[in-house]
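Visitor: Let's see this in three dimensions:
(one chain, ligands or ions: 1)
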Amino acid sequence: MRVRLSVPVQEEFDAELARLLDAHVPARLAAADPSLWPAGSEAAQRLGWVDLPHRAEELLTRIESLRATLEEQGLRSITLTGMGGSSLAPEVMAEAAGVRLEIVDSTDPNQVIEAIGTDLAHTVLVVASKSGTTIETDAIRRAFAHAFAAAGIDPATRMIAITDPGTELDRLAAEEGFLATFHADATVGGRFSALSAFGLVPAGLAGVDVRAIVAEAAAASPTLESDDADNPALRFGTWLSVAHARATEKLVLAETSPALTGLRRWIEQLIAESLGKDGQGILPVVVDGTDDVGFADARADALLCALGPAAEFTAPSGFHAVIDGSLGELFLFWEHATAIAGYGIGVDPFDQPDVEAAKSHARTVLSAGGGTEDEEPAFREGHVEVFGDVGEARDLVSALDGLFSEVDEYGYVGVQAFLDRIAEAHAESLRPLVSLHAGVQATFGFGPRYLHSTGQYHKGGHANGVFLQITAAARTELLVPGRPYGFSVLQRAQALGDAAALTEKGRRVLRVHLLDRSQGLEQLRAAIEAVEPRHHYGVD
Ligand SMILES: O=P(O)(O)OC[C@H]1O[C@](O)(CO)[C@@H](O)[C@@H]1O
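Guide: Numbers count the residues shown, from 1 in each chain. Purely as a prediction, here's the structure:
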């Protein structure tokens with residue numbers, strides 16, 4: 001593992017490093033010492049991840065044997081449903097290894113229909129949920145069960161559960177006789193579960209060499225656990241904490257190696273959900289490469305981090321880093337560094353106090369019928385309807401201009417797109433445009449996926465974000481079996497629910513509803529481009 005850090009304030013860095021070493025933070029973390037955080041905090045019961053690489057043997061053997069059984073039965077198509085920490089790590093592992101693992105973490109009906117696809121005869125669905133009650137995961141499981149049954153296949157023979165012992169999902173799997181159930185460790189939280197059953201089972205069944213990933217992590221762990229000033233996780237955690245204290249709180253993540261494809265989306269959840277709370281935190285900004293908007297033109301509020309080997313670059317803030325290594329090393333490195341940064345910043349890295357608000361608002365919208373009837377847009381223009389507080393604005397360009405004018409000089413715009421993240425992947429190209437025209441950093445997340453990643457930060461972190469939410473008319477509907485609503489109604493309720501939770505927290509939200517998905521998206525793109533770029537870029 002190679003970690004190169006540049007520190008503009010050496011004395012502050014050294015002092016913070018000494019403070020963390022005096023408190024023996026790395027060694028106490030490695031010993032799962034709950035007294036690192038206040039008594040009664042979530043942290044006290046969520047430190048089981050530290051030694052996962054050293055106790056994975058039984059799990060690895062079981063995965064290998066199940067994979068062989070599936071292969072014998074011709075079940076070659078592995079699909080995973082799970083949100084946030086229950087799918088991001090295996091997604092990275094599969095992408096990096098170039099093996100096919102279909103991930104379904106969306107409530108977009110079109111995306112779910114596509115994922116169910118036509119190969120049910122060879123498909124196995126891994127249902128991953130620590131709590132066993134996550135609404136998206138449950139809805140997707142129901143849709144697959146219905147489709148299997150309609151194809152004359154007993155759904156239970158094609159389902160594998162990963163969940164904590166005793167959850168609703170665990171009970172269901174036992175009652176229905178799922179093909180297999182993997183019990184997760186209750187002391188390991190979702191975003192720290194990459195090296196547990198949540199990461200290893202789906203990836204291993206899909207054909208990733210998970211044994212090698214675990215071995216890489218195990219080899220790195222003594223270094224990451226040591227009370228040593230050269231411990232890279234300690235140094236990186238200190239770096240984040242020192243930058244945070246200087247109001248440099250956007251971590252711009254660029255990948256420079258195909259071997260680490262997708263890792264930044266896993267890091268995004270880990271950092272945002274672990275540190276973004278109590279009005280504090282580090283906002284991850286995922287960009288494509290070191291020449292992308294957000295990285296190449298970063299200002300004083302950004303730490304720049306390249307994942308993989310990178311040519312020389314510098315950050316105006318003076319905080320820049322290059323981190324390279326194998327996947328196994330990096331999973332464990334980031335987990336340790338994040339926990340250490342949480343200690344440094346003074347937050348509990350293992351809870352997510354603001355996630356529930358969006359879920360609860362979504363439930364309210366759902367029980368009121370999905371929120372389709374009673375809403376009046378502020379105005380309609382061309383292929384879009386615009387909702388939210390737009391003041392006097394009666395056209396899209398003015399409404400966007402109004403939203404962007406509300407952002408602090410060092411704030412950010414969060415773009416939240418409740419679209420099909422496969423078929424409408426191109427929507428992500430709105431991020432750099434928004435960044436350029438708002439003159440600040442911009443993030444992009446597909447809903448509902450981002451709710452389980454950056455959603456915590458948006459509501460609980462630094463209150464300097466405004467939000468552009470994109471919803472769209474459903475192209476089709478797919479009923480959630482056993483529920484009085486369809487996926488499109490659920491998807492919409494989740495968008496409205498998060499908008500309500502953000503508004504409640506004093507964040508400004510503008511919702512652009514696409515009446516025609518592709519033309520509406522083009523109209524939105526053109527309108528963003530027509531907003532006079534704000535002056536912030538280039539003023540540091
Ligand atoms: O595994 P579960 O319980 O379904 O939760 C999925 C995700 O939802 C959250 O609990 C909240 O967003 C994440 O922390 C977690 O990774």
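
Visitor: Give the phi and psi angles for residue 353, as a check.
Guide: phi -60, psi -20 (degrees, to the nearest 10).

Visitor: Give the rounded mean pLDDT of the helix or strand containing residue 124.
Guide: Assigned by DSSP states H and E, residue 124 belongs to strand 123-128. Averaging pLDDT along strand 123-128 gives 98.

Visitor: Can you list the strands that it pairs with?
Guide: Sheet pairing for strand 123-128, assigned by DSSP bridges, gives strand 77-81 (parallel), strand 159-163 (parallel).

Visitor: neighbouring contacts of stretch 220-229?
Guide: Outside of stretch 220-229, the residues within contact range by Cβ atoms under 8 Å, 6 or more residues apart in numbering are 1, 17, 21, 24-27, 29-30, 50-51, 53-54, 231-235, 325, 328-329, 332-333, 336. Where you see a C-beta, it was placed from the backbone N, CA and C, and this is true even at glycine.

Visitor: Buried among the residues you listed? Make that a PyMOL selection.
Guide: A single PyMOL command selects the buried members of these (16 or more other Cβ atoms under 10 Å):
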select buried, resi 1+17+21+25+26+29+30+50+51+53+231+232+233+234+235+325+328+329+332+333+336
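
Visitor: Where helices are concerned, which of the contacts of stretch 220-229 count?
Guide: Mapping the contacts of stretch 220-229 onto helices (DSSP state H) picks out 17, 21, 25-27, 29-30, 232-235, 328-329, 332-333, 336.

Visitor: and whichever residue of the stretch 251-400 of the chain sits closest to the ligand, what pLDDT?
Guide: In the stretch 251-400 of the chain, no residue comes nearer to the ligand than residue 355, which is 4.4 Å away by Cβ to the nearest ligand atom. Residue 355 is assigned a pLDDT of 91 by the prediction.

Visitor: One more: residue 374?
Guide: Listed pLDDT for residue 374 reads 62.

Visitor: Do a quick rundown of the helices in the stretch 201-350 of the chain.
Guide: 210-224, 232-245, 263-275, 327-345 (DSSP state H, counting those that start in this stretch).

Visitor: Can you name every helix or strand that the shortest one contacts?
Guide: The one in question is helix 263-275. Applying 3 or more Cβ pairs under 8 Å, 6 or more residues apart in numbering; DSSP states H and E, we find helix 263-275 packed against helix 88-97, strand 250-255, strand 283-286, strand 302-307, helix 327-345, helix 455-460.

Visitor: if you average pLDDT over the fifth one, what comes out?
Guide: The reference is to helix 327-345. Model confidence over helix 327-345, given as mean pLDDT, is 98.

Visitor: Quick check on whatever residue of the stretch 401-540 of the chain ends up closest to the ligand: phi, psi?
Guide: Closest to the ligand within the stretch 401-540 of the chain is residue 452: 3.5 Å, counting by Cβ to the nearest ligand atom. Note on residue 452: its backbone torsions stand at phi -100, psi 20 [degrees, to the nearest 10].

Visitor: And for the one 10 residues further on?
Guide: Here is the backbone geometry of residue 462 (degrees, to the nearest 10): phi -60, psi 130.

Visitor: what's near enough to touch it?
Guide: With contacts defined as Cβ under 8 Å, 6+ apart, the neighbours of residue 462 are 249, 276, 279-281, 283.

Visitor: and the ligand, which of the ones in helices among the contacts of stretch 220-229 contact it?
Guide: Checking the ones in helices among the contacts of stretch 220-229 against the ligand by Cβ under 6 Å from any ligand atom, not one of them is in range.

Visitor: Near the ligand, which residues of the stretch 351-500 of the chain are found?
Guide: The stretch 351-500 of the chain comes close to the ligand at residues 352, 355, 452, as judged by Cβ under 6 Å from any ligand atom.

Visitor: brain fart, the stretch 101-250 of the chain
Guide: Residues of the stretch 101-250 of the chain that fall close to the ligand, judged by Cβ under 6 Å from any ligand atom: 129-131, 134, 137, 190-191.

Visitor: So which of those residues sit within helices?
Guide: Judged by DSSP H, helices contain the following of these: residue 137.

Visitor: Which members of the residues of the stretch 101-250 of the chain next to the ligand are the farthest-apart pair?
Guide: Within these, 137 and 191 form the most distant pair, 15.6 Å apart (Cβ to Cβ).

Visitor: Any figure for the gap between the spatially most central residue of the chain and residue 165?
Guide: Among the residues of the chain, residue 453 comes closest to the average C-alpha position under Cα atoms, centre = their mean, at 3.1 Å. Between residue 453 and residue 165 the computed distance is 26 Å (Cβ to Cβ, to the nearest Å).

Visitor: what residue ranges in this structure score low on pLDDT?
Guide: Scanning the chain for pLDDT under 70 picks out the ranges 371-374, 536-540.

Visitor: Quick check: can you list the domain ranges of it?
Guide: Listed by the TED database, the domain ranges of the chain are 2-49+227-345, 55-214, 354-530.

Visitor: Present the ones you listed as CSV; the columns should include distance to residue 221.
Guide: Formatted as CSV, these follow (distance: least, Cβ to Cβ, whole Å):
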stretch, distance to residue 221
domain 2-49+227-345, 6
domain 55-214, 10
domain 354-530, 26
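
Visitor: ok, the closest residue to residue 302 other than its chain neighbours - contacts?
Guide: Distances taken as Cβ to Cβ, 6 or more residues apart in numbering place residue 250 nearest to residue 302, at 4.6 Å, with adjacent residues excluded. Each residue near residue 250 by Cβ under 8 Å, 6+ apart is listed here: 282-285, 298, 301-303, 412, 441.

Visitor: Okay, and the beta partners of residue 250?
Guide: For residue 250, the beta-bridge partners under DSSP bridges are residue 283, residue 302.

Visitor: I'd like the distance between it and residue 308.
Guide: 20 Å.

Visitor: Next: residue 188.
Guide: For residue 188 relative to residue 308 (Cβ to Cβ), the value is 27 Å.

Visitor: and if you look at residue 523?
Guide: 37 Å.

Visitor: same question, residue 387
Guide: For residue 387, the distance to residue 308 - Cβ to Cβ - is 40 Å.

Visitor: ok, of the contacts of residue 250, which one's closest to residue 77?
Guide: Proximity of these to residue 77 was ranked by Cβ to Cβ; the top entry is residue 284 with 31.7 Å.

Visitor: Nearest residue to the closest one in space, ignoring adjacent ones along the chain?
Guide: Using Cβ to Cβ, 6+ apart, the nearest residue to residue 284 is residue 268, at 4.2 Å.

Visitor: what about that neighbour, neighbour count?
Guide: By the measure other Cβ atoms under 10 Å, the count of residues near residue 268 is 24.

Visitor: cool, and residue 148?
Guide: Residue 148: 21 neighbours (other Cβ under 10 Å).

Visitor: Correct me if wrong: it contacts residue 142.
Guide: No: using Cβ atoms under 8 Å, residue 148 is not in contact with residue 142; the gap is 10.9 Å.

Visitor: quick revisit: CSV for the strands paired with strand 123-128, including mean neighbour count?
Guide: Output for the strands paired with strand 123-128, formatted as CSV (neighbours: other Cβ atoms under 10 Å):
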stretch, mean neighbour count
strand 77-81, 25
strand 159-163, 26
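
Visitor: what about these, which gets the closest to residue 258?
Guide: Across those, closest to residue 258 is strand 77-81 (Cβ to Cβ), at 21.7 Å.

Visitor: quick one: that closest one to helix 88-97, angle?
Guide: Per axes from the mean of the first three to the mean of the last three Cα atoms, to 10 degrees, the angle that strand 77-81 makes with helix 88-97 is 150 degrees.

Visitor: Any chance you could list what contacts strand 77-81?
Guide: Contacts to strand 77-81, defined as Cβ under 8 Å, 6+ apart, come from residues 70, 87, 90-91, 100-105, 115, 119, 122-128, 136-137, 140-141, 144, 202, 205-206.
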